[in-house]
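> Just need the structure, nothing else, for what follows:
(one chain, ligands or ions: 1)
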Amino acid sequence: MRIAEEFDDWAERGKDRGMEQRHWHTAKHALSRMPVEAGETVLDLGTGSGYILRALRDTANIGRGYGLDGSPKMLENARSYTDDEQVGFVRGDFDELPFATDSIDHVFSMEAFFYAADPQQTLTEIARVLRPGGTFYCGVNFFEESVHTHKWQDKVDIEMILWNRQEYRDAFREAGLFVAEQEMIPDTETEIPPESEFPTEDWESREVMYERFREHGTLLTVGVAPD
Ligand code: SAH
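Okay, here's the model as predicted:
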């Protein structure tokens with residue numbers, strides 16, 4: 001399984017925690033908008049370190065939380081960060097979700113959806129497992145309009161889906177989900193050094209870095225499952 005090979009290596013190098021820290025800047029804003037109620041069941045797709053479920057248990061009093069990931073080492077790390085019995089980590093692939101039809105209240109996913117081998121099939125699976133009125137909160141930093149992120153593909157040995165805003169909306173609808181909301185959430189926390197420090201190792205100019213974080217940030221698309 002290609003996903004396991006790539007991401008086991010990331011987990012072993014501690015990149016799960018690094019991603020948690022960086023992604024939290026915008027993921028927390030997406031998460032706070034999810035209409036989750038006490039006792040509900042939430043599935044986090046491509047859970048990485050599992051921080052989304054820990055946060056939901058701490059702040060929203062959710063019932064059961066499932067973190068699905070294709071990387072055994074990511075799951076091992078995620079399990080070691082919590083002893084909450086209501087949170088479970090499950091190995092699986094986005095293309096075939098190991099959950100019953102109508103069994104999940106909300107699906108969340110941060111910076112993971114575009115790794116799906118067949119994204120339309122993944123959306124169909126999400127629509128299947130969601131109960132009527134359930135929501136899918138999908139956050140991605142890698143998308144067409146965010147031009148400075150495109151180079152990430154060169155660093156990852158898995159083909160990543162580079163959709164634009166409209167393509168996300170169309171694909172959600174194709175899978176039978178209503179699109180309730182879509183926006184770019186700025187990352188206001190990543191520190192942007194003064195002009196004089198550019199170019200840096202990662203950024204050719206302050207303008208480019210500003211665009212990436214403060215303007216493009218995270219694309220959030222919200223789908224709602226019909227009755
Ligand atoms: N959501 C976390 C992790 C993002 S990294 C965060 O915000 O930090 C993407 C994660 O998705 C990795 O842990 C990877 O193993 C998982 N993943 C990628 N493609 C997958 C697939 N097709 N099936 C299951 N998990 C997948």
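> Contact partners for T221?
With contacts defined as C-beta atoms under 8 Å, 6 or more residues apart in numbering, T221 is in contact with C138, R165, Y168, R169, F172, V179, E181, Q182. Using the backbone N, CA and C atoms, a C-beta is placed for each residue, glycine as well.
> quick one: strands adjacent to the helix or strand harbouring it?
Element membership of T221, judged by DSSP states H and E, is strand 218-224. Using DSSP bridges, strand 218-224 pairs in its sheet with strand 130-140 (antiparallel), strand 178-185 (antiparallel).
> out of the contacts of T221, who's nearest E144?
Distance to E144 across the contacts of T221 (C-beta to C-beta) is lowest for R165, with 7.6 Å.
> Test my guess that the closest one contacts S146.
No. If you go by C-beta atoms under 8 Å, R165 and S146 don't touch, sitting 10.2 Å apart.
> got the buried residues for stretch 190-199?
Within stretch 190-199, the residues scored as buried using 16 or more other C-beta atoms under 10 Å are I192.
> Same check on stretch 48-62?
By 16+ other C-beta under 10 Å, the buried positions in stretch 48-62 come out as G48, S49, G50, Y51, I52, L53, R54, A55, L56, R57, A60, I62.
> what about R173, neighbour count?
By the criterion of other C-beta atoms under 10 Å, R173 has 13 neighbours.
> Can you classify it by secondary structure?
Assigned by DSSP: H, G, I helix; E, B strand; the rest coil, the conformation of R173 is helix.
> The nearest residue to it once chain neighbours are set aside and L53: what is the separation?
Nearest residue to R173, sequence neighbours excluded (C-beta to C-beta, 6 or more residues apart in numbering): V179, at 6.4 Å. Remark: distance between V179 and L53 (C-beta to C-beta, to the nearest Å) = 25 Å.
> that older thread, who's the residue nearest to R173 bridged to?
Following DSSP bridges, V179 is listed with bridge partners G223.
> Let me know whether L43 touches R131 as I believe.
No. With contact defined as C-beta under 8 Å, L43 does not count as touching R131 (11.5 Å).
> any shared contact partners between these two?
With contacts defined as C-beta under 8 Å, 6+ apart, the residues adjacent to both L43 and R131 are I104.
> okay, those two: which has more neighbours?
Per other C-beta under 10 Å, whichever of L43 and R131 has more neighbours is L43, with 26 against 15.
> who touches that one in this structure?
Contacts of L43 by C-beta under 8 Å, 6+ apart are G65, Y66, G67, L68, L97, F99, I104, H106, V107, F108, V129.
> Run me through the strand neighbours of the helix or strand hosting the fourth one, direction for each.
Spelled out, it's L68. For L68, the host element (DSSP H and E) is strand 65-69. Sheet pairing of strand 65-69 (DSSP bridges) gives strand 42-45 (parallel), strand 87-91 (parallel).
> Mind checking which of R165 and S146 has more residues around it?
The neighbour comparison of R165 against S146 (other C-beta under 10 Å) goes to S146, with 22 against 15.
> need the residues of this protein near the ligand, please.
By C-beta under 6 Å from any ligand atom, the part of the chain that sits against the ligand consists of 3, 7, 19-20, 23, 27, 46-48, 69-71, 74, 93-94, 110-112, 115-116.
> could you measure the residue most central in space within the chain against P132, distance?
Among the residues of the chain, the one closest to the centroid is M110, at 1.2 Å (C-alpha atoms, centre = their mean). As judged by C-beta to C-beta, M110 and P132 stand 24 Å apart.
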